[in-house]
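Engineer: Here's a sequence, model it:
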Amino acid sequence: MELKGEVADIIYKNEVNGYTIAVFETDEETTTIVGYLPFINTGDTIRVVGDFVEHRDYGLQFKVETFEKVMPDTPEALEKYLAAGNIKGVGEATAKKIVRTFREDTINILKYEYDKLTQIRGISEKKAKEISDSFLENWEVWHIVEFLEKFGIGAEHAKKVYDKYGVNAIEEIGANPYILVEITRGIDFKQIDKMALDLGIEYNNEKRIKSGIKYALICATYNGNCCVIKENLIEFVTNLLGVSIEEIEDNIINLKTEEEIIIEEREDEQWIYLESFFETEQTVASRLLIIDNEKNKKKISNIDVEIETIEQQSDIYLSEKQKEAVKAINNHNVTIITGGPGTGKTTIIKTIIELYKRKKEKVVLCAPTGRAAKRMTETTNHEASTLHRLLEIGKINEDNIYTPKRGEYTGAPIDADVVVVDEMSMVDIFLMSYLLGCIYKGTKLVLVGDSDQLSSVGPGSVLKDIINSEALTTIKLDKIFRQAAKSKIVLNAHRVDNGEGFLTKEELSNEMKEDFFYIKEYSQEKALNEVISLCTGRLENYGDYNFFQNIQVITPTKKGMLGTRELNNKLQEVLNPEAIDKQEKKRGKIIFRVGDRVMQIKNNYDMYWEKEILNEFGEQEKEVGSGIFNGEMGTIEDINISDKTIQIRFDDDRVAWYEPSELEQIEHSYAITIHKAQGSEFDVVIMVVPPSSPILLTRNLLYTGITRAKKLLIVIGSDKVISYMIKNVDSKKRNTGLEYKIKNLNNKEE
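Structural biologist: Below is the predicted model:
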């Protein structure tokens, strides 16, 4: 359907992507329109195309698919448009004077003869020019939306295009449509390519080939790679564009000359990077070595005596290997501590805190995620922060990492003598660069993690590359402590990591804790019934475990009967069913209900939150801030039908309010993927491992899943799938160059 009318009022607008809910008046009726409508303002006259839909809470709405702006066609409508505050220097009174003076000629005056505006009292020549410029700018913005719509590029992308190119956007895109590839992450190259060819750009045009090369490099980074070997890049681009190898090679050279890509020669192989990725790796490598080679200003003398004193005066007891780790931290500015569960990493951190606290030195603890930081706080009794908050990073535009890097990040320096980073396997190359840009020379940096866990979501393989470089002091903890050795969870985790199957009955002893159960089940339907049964009473009877307080279901996949989508539907149905007294909010096929467990699935740096805290006098006060990050989990406390918001209390007691357009940022978390569980620990974990894609069924995924459980782990699957996972050593080694760069720089220094 097509409607033409006026925007009477804006109920909601997301300034980032232009998603809008507005009151829309046509000649016949008043209705609500919803959709991506960037640059819409009260008073605008627009033509919208879409369909009426029945919203569960808000009734009949018109869902906009496409739209265009039309100039008001009556003096009354034009006056209303100008009076809405969209044009700089024009308010209600001035709008009335302009329209009454020039009537039907008003638009021509504003566009072409702005000097005539000076006829109106109070409008100088300078102000007349400002009014005209503002009017033209508003008008040009609409042409961008209309222009992109013709090529199937949605209005949600128009705002980013305008923010980058302003009123010249159409001209810039017409000259080179391929600039759109670098503006918006995830945009379809084939769509842009078709648009360019339709505009008359030739098949072997240099701009087309260069863009194809950069697009291929961008695609590689979506899988965690930082670079691509030249032969593979050429093969991909040949298939993408259908041009000759010679033409691709020529444009690789051109892009290198223009410093948009970097070619790194490594042992007769050429690795190709987007410039920003190469520079970030180079920054991380050089900065690590600079910090490590700085004078050791924080070294504690008589370290053996100090360690002995701590052991005597606290409940800390160190093995020889742990003492070696503590001494290594004392003797070097950068130290890596790596090892699996039960090998004593936390005891080392606690010792470091105690050692430096006694010397009146400040130790700062941090981790990549909120849950990992919370766990670090609980295990050490020392406040830990997320890296984002510690570094005061603020908002990172994730599209900008694909454009040439201009200078090194030098954010707020960390006020600390020792910085300890836990869960280092989750830190990507860009976050590592931010961190190192904030470390003072002379500050000690301790990187703690398990290199056998899953790699970071973002690009890079930072922890593995640093360890493999052998240029920085690394202590590998491989002994399982006696207490941990009684845990079947810990023992089975190490067995899987070593390529062995779960403990057999013959290998069990009476001393071992009953904290690991393997339910063999080939039928997915029966496996689903097992999950539901465990979550709805069996575990409560077994160990007084309550689902909402202690239990987490994890799975390798989102799809299928035992994927997160179906599991979340079934678990919501039995654990938090529909009830008269529970408010609900529908988004597509998903129903959010008061009491639901949910997870944030993307970084939102602007999300406002509040938290009740006790001040130093024991009085209740409110802490406020912004930023809810990918992987943070919470519970829906309230759904307000009148103002359309959902209130979520996160696990660290921060409370945030979500607008309707922000619901795409959360999903149910009764069941989550093993990838999303990384960095978190739960009292009880139910891990289902159904048949799935070989890419997902890897040894390090199984190992990561096992190590999420603190008190009890139940694995549900078949011998066939478990055996396959143990044998399937992750062959998707990421293409990175950090290890090479550290080695190279270190050899030069030596």
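Engineer: so where is the stretch 201-350 of the chain shaky, pLDDT-wise?
Structural biologist: Regions of the stretch 201-350 of the chain meeting the criterion pLDDT under 70 are absent.
Engineer: hey, where'd the strands end up in it?
Structural biologist: Here the stretch 201-350 of the chain has its strands, by DSSP state E, counting those that start in this stretch, at 228-229, 261-266, 269-274, 334-339.
Engineer: of all those, which lies closest to residue 638?
Structural biologist: Residue 638 lies closest, by CB to CB, to one member of those: strand 334-339, at 43.0 Å. The way it works is simple: take the backbone N, C-alpha and C, and place the C-beta from them, glycine included.
Engineer: Restricting to C-alpha, output that closest one in PDB.
Structural biologist: Extracted C-alpha coordinates of strand 334-339, given in PDB (Å, rounded to 0.1, in the frame of the first residue of the first chain):
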ATOM      1  CA  VAL A 334      55.400  -8.600  31.100                       C
ATOM      2  CA  THR A 335      54.500 -12.100  32.100                       C
ATOM      3  CA  ILE A 336      52.100 -14.700  30.700                       C
ATOM      4  CA  ILE A 337      50.500 -17.300  33.000                       C
ATOM      5  CA  THR A 338      48.700 -20.100  31.200                       C
ATOM      6  CA  GLY A 339      47.100 -23.400  32.200                       C
END
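Engineer: So in that sheet, which strands flank that strand, and in what orientation?
Structural biologist: Counting by DSSP bridges, the strands paired with strand 334-339 are strand 444-449 (parallel), strand 473-477 (parallel).
Engineer: just to revisit the earlier point, please identify the deepest-packed of the strands of the stretch 201-350 of the chain.
Structural biologist: Greatest average neighbour count among the strands of the stretch 201-350 of the chain goes to strand 334-339 (a mean of 24), per mean count of other CB atoms under 10 Å.
Engineer: re earlier: from the strands paired with strand 334-339, which stretch is densest packed?
Structural biologist: strand 444-449 (a mean of 25).
Engineer: Determine the set of other helices and strands touching whatever helix or strand comes next after that strand.
Structural biologist: For strand 444-449, the following helix or strand on the C-terminal side (DSSP states H and E) is helix 462-469. If you count contacts as 3 or more CB pairs under 8 Å, 6 or more residues apart in numbering; DSSP states H and E, helix 462-469 packs onto strand 334-339, strand 444-449, helix 738-749.
Engineer: Could you dump the ones you listed into JSON lines with distance to residue 34 added?
Structural biologist: Shown next, in JSON lines, are the helices and strands packed on helix 462-469 (distance: least, CB to CB, whole Å):
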{"stretch": "strand 334-339", "distance to residue 34": "50"}
{"stretch": "strand 444-449", "distance to residue 34": "45"}
{"stretch": "helix 738-749", "distance to residue 34": "45"}
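Engineer: Nearest to residue 5, out of those?
Structural biologist: Once the helices and strands packed on helix 462-469 are compared by CB to CB, helix 738-749 is nearest, at 56.5 Å.
Engineer: picking that back up, ranking the helices and strands packed on helix 462-469 by mean pLDDT, which is last?
Structural biologist: The minimum mean pLDDT among those belongs to helix 738-749 (a mean of 90).
Engineer: so the nearest residue to residue 269 once chain neighbours are set aside bridges to which residues?
Structural biologist: Distances taken as CB to CB, 6 or more residues apart in numbering put residue 229 closest to residue 269, at 6.1 Å, once the chain neighbours are dropped. Counting by DSSP bridges, residue 229 is bridged to residue 271.
Engineer: Residue 229 contacts residue 735, doesn't it?
Structural biologist: Yes - the pair residue 229 / residue 735 is scored as a contact, 7.0 Å apart, by CB atoms under 8 Å.
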